[in-house]
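[1] Pasting the sequence and the predicted coordinates here, then a few questions.
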Protein chains: 2
Amino acid sequence: MKNLVRKNILNLTPYIAGKPIEETKRELGLKEVIKLASNENPLGVSPLAIAAIKKNLSAVNRYPDIQGFCLKKKLARVLNLKSTNILLGNGSDEIIDILIKTFVQEDENIITADITFLEYEIIAQVNGRRVIRVPLKYFKYDLAAMKKKIDKKTKLIFIANPNNPTGTYVTKWELQDFLRDLPESVLVVLDEAYDTFIDVDDFPNSLGLIKDNKNILVLKTFSKAYGLAGLRIGYALGEPELITYAERARQPFNVNSLAQAAAIAALDDKKFLQKTRRTILEGKEYLYDQLNKLAVAYVPSVANFILLDAGKDSILAFKEMLKYGVITRDMKQYGLKNFIRVTIGTKKENERFIKIFKKVIGCR
Amino acid sequence: MKNLVRKNILNLTPYIAGKPIEETKRELGLKEVIKLASNENPLGVSPLAIAAIKKNLSAVNRYPDIQGFCLKKKLARVLNLKSTNILLGNGSDEIIDILIKTFVQEDENIITADITFLEYEIIAQVNGRRVIRVPLKYFKYDLAAMKKKIDKKTKLIFIANPNNPTGTYVTKWELQDFLRDLPESVLVVLDEAYDTFIDVDDFPNSLGLIKDNKNILVLKTFSKAYGLAGLRIGYALGEPELITYAERARQPFNVNSLAQAAAIAALDDKKFLQKTRRTILEGKEYLYDQLNKLAVAYVPSVANFILLDAGKDSILAFKEMLKYGVITRDMKQYGLKNFIRVTIGTKKENERFIKIFKKVIGCR
């Protein structure tokens, strides 16, 4: 039946997700498992979001609001934009799909980095679109090299900022240089899934850029700092005209009604967000400290995860930690042979990670 | 910026959804509004599903199970199939998208009816694929005419059974004739979103067909009888090899975790499902009776909605009923000028509908 399938589908390497807690318990017969593999919020779910979900439970027999009317209105107020600047998606994954479908013709190409969020390339391949992958430089997006790769057929450029899995970022000055004299036929997508954790001054002001530059789209998500990964909700921000076109490629009921309600409430939960940010920043300091003491090389991160050199085969390190009930992410699919990526967790989780990591690398 | 957009996106007519209750209240200043527009379950949500959602709430900071492991296992048991026969989607809408992406090449075509579920054509257009629409015959899929339209470039055939918005169905004999000597290069998709409401003996046994015929896929949904439209979950059933290919085009976290938990519980709630079925069948008898008395023409339906001749312009009839707080569906987008579609509701809702419908058509 293989002959019935499109070649681009047969050829692609599917996404490998972080191993789930329940699955790990089941397979290894473990009782205590911590997951530091998918950059989720270690504090759980915002209490306000939980309350909002409960309040909306009895209406899940009804289709979701096709427009996301209330959520867009809320987001517009919070971000000081208009509802017409916003496109909602079933996670950022779906937004990537929508943007490719809306804008990239059959013979056009997409540029991104070689070591970055895997879904840009996978979703492009599913849609039969060509991706040009430009190598990172010192673990960072090499915008100058990417700019040189732009040709007449380039339509979309995906920049994960901060980048996943490296945690590095492009500065506002680097982005400014990159955007200068860019062809008007190119759309730049800044994927800011991890924006809440930024603690540097030279990070680009992307919302300001949208107002000045019609060819920029910004992706945000409720899956990380807002603790709603399980509900699937992300969004794109951009010029209303661009958003209107993308809306045409969106499926009407793509964002479920509980996600809409939870997201509205999560935006109000400043306390939860602040506590999340503090937990991540403090945890990062702790992990840096410990890794420094162990003389383990890592990439300084502005996100809620750290890419580090395990000093041995990535999958081996991952599996050894897994035996002790600590789920990290091996970096084989990203082409980083000896690295693992660890999500910054709660204080207790970070301590547990360090304890087990020491065993795995043979230190004490 | 229009020149940045793909032509197929610019040319398409977006889906128009049933008007939401809250929006209607807001716009018309009404307190009591009933929605009989989107074929939702009028009894609300299964209590078991609600309990399951509550139980899983505190883990929505985690990504959903990428495989839908537990739900597939449950479905396999209920349907007497294997987990490998099942593809899960963010509603059937997404399944349609996945099937087109997986199987339909750029130059291939899709066949369906002219008056049927609108998303087949819309999603095909979004993906830049050509759709051949074959006219219904006496409000029914004309399988013989559709078969004649199959050419070397035909890859997918969508058959909504029962059909939406007509409520008609193709019999097992008609389907048997249709499937006989079909080219092996063609995949037939039977969309059985409304299967729970079937009360006839000659409806096709699609699960049996899957076992015998590798080129059939069956779509099912939790949005109708199972009362989970707001959570977005549908699935496809088919030969494991076909499903494996389609899995490659699926986004990893497409089905949210609360939908997975709710669906598992809803499958266990036989009481809710039976009550739903009884409500629809009794409501249908009542509505038939009343419409007969009014000498209003309608299409006999095996689903949970009735297509009827309003005797005046579809949008006018829809709007007049709306003023009284009764939301039906105008059929303009389907090309049925004088028809409206009404979802069978609770006893009280059906009575209210008839009362208002009488006013609108000038009877008493």
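    Nice, I can see it. Numbers count the residues shown, from 1 in each chain, chains lettered A, B, ... in the order given.

[2] all strands of chain A, in order?
    A:34-35, A:86-89, A:109-113, A:130-134, A:154-160, A:187-191, A:216-221, A:234-237, A:298-299, A:305-309, A:326-327, A:329-330, A:339-343 (DSSP state E).

[3] Might you report the residue contacts of residue A:345?
    Contact analysis of residue A:345 by CB atoms under 8 Å, 6 or more residues apart in numbering or on different chains lists A:34, A:36, A:42, A:283, A:353. The C-beta positions use only the backbone N, C-alpha and C, and glycine is treated the same way.

[4] Likewise for residue A:254?
    Per CB under 8 Å, 6+ apart, neighbours of residue A:254: A:88, A:89, A:90, A:94, B:90, B:93, B:94, B:232.

[5] just the contacts of residue A:345 that are near chain B?
    residue A:42 (CB under 8 Å from any CB of the partner chain).

[6] Among the contacts of residue A:345, which are located in helices?
    A:283, A:353 (DSSP state H).

[7] need the contacts of residue A:345 in CSV with neighbour count and pLDDT, can you?
    Converted to CSV, the contacts of residue A:345 look like this (neighbours: other CB atoms under 10 Å in any protein chain shown; pLDDT from 0 to 100):
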residue, neighbour count, pLDDT
A:34, 22, 96
A:36, 26, 97
A:42, 23, 98
A:283, 22, 98
A:353, 24, 98
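
[8] Just flag the most distant two among the contacts of residue A:345.
    Maximum pairwise distance among those (CB to CB): 12.7 Å, between A:34 and A:283.

[9] Return the closest of the contacts of residue A:345 with respect to residue A:63.
    Using CB to CB, these come closest to residue A:63 at residue A:42, 33.6 Å.

[10] returning to that earlier point: among the contacts of residue A:254, who's most crowded?
    Scoring the contacts of residue A:254 on neighbours with other CB atoms under 10 Å in any protein chain shown, the highest-scoring entry is residue B:232 at 33 neighbours.

[11] ok, that residue touching residue B:91?
    Yes. In this structure residue B:232 lies within contact range of residue B:91 using CB atoms under 8 Å: 4.4 Å.

[12] hey, what's in contact with both of the two?
    Joint contacts of residue B:232 and residue B:91 (CB under 8 Å, 6+ apart) are A:253, B:223.

[13] separation between residue A:79 and residue A:149?
    32 Å (CB to CB, to the nearest Å).

[14] Not counting its neighbours along the chain, what's nearest the residue positioned nearest the centre of chain A?
    By CA atoms, centre = their mean, chain A has its centre lying nearest to residue A:193, at 4.4 Å. Distance criterion CB to CB, 6 or more residues apart in numbering or on different chains; nearest residue to residue A:193, sequence neighbours excluded, is residue A:221 at 4.7 Å.

[15] Now do the contacts for that neighbour.
    Per CB under 8 Å, 6+ apart, neighbours of residue A:221: A:91, A:92, A:193, A:233, A:234, A:235.

[16] Swap in 6 Å and give it another go.
    Neighbouring residues of residue A:221 by CB atoms under 6 Å, 6 or more residues apart in numbering or on different chains: A:92, A:193, A:234.

[17] Let me know the pLDDT of the second one.
    The reference is to residue A:193. Residue A:193 carries a pLDDT value of 98.

[18] Residue A:17 now?
    pLDDT, residue A:17: 89.

[19] burial count for the residue lying closest to it once chain neighbours are set aside?
    Distance criterion CB to CB, 6+ apart; nearest residue to residue A:17, sequence neighbours excluded, is residue B:66 at 4.4 Å. Neighbour count for residue B:66, taken as other CB under 10 Å: 20.

[20] List the contacts of residue A:76.
    Contacts of residue A:76 (CB under 6 Å, 6+ apart): A:82, A:83.

[21] Try it again at 10 Å.
    Residue A:76 sits next to A:82, A:83, A:84, A:85, A:86, A:237 when contact means CB atoms under 10 Å, 6 or more residues apart in numbering or on different chains.

[22] Just list whatever residues bridge to the last one.
    Same thing as residue A:237. residue A:86, residue A:218 (DSSP bridges).

[23] That one and residue B:2: what is the separation?
    Taking CB to CB, one finds residue A:237 at 20 Å from residue B:2.

[24] Neighbour count for the two, which is higher?
    When residue A:237 and residue B:2 are compared for neighbours, residue A:237 comes out ahead with 23 against 7, by other CB under 10 Å.

[25] isn't that one right up against residue A:207?
    Yes. Residue A:237 lies in contact with residue A:207 (CB atoms under 10 Å); the separation is 6.9 Å.

[26] shared neighbours of the two, which are they?
    By CB under 10 Å, 6+ apart, the residues touching both residue A:237 and residue A:207 are A:79, A:81, A:85, A:192, A:216, A:218, A:220.

[27] Do I have it right that residue A:192 meets residue A:220?
    Yes. Using CB under 10 Å, residue A:192 is in contact with residue A:220, at 5.8 Å.

[28] any shared contact partners between the two?
    A:92, A:206, A:207, A:237.

[29] Could you single out the nearest of the residues you listed to chain B?
    residue A:92 (10.2 Å; CB to the nearest CB).
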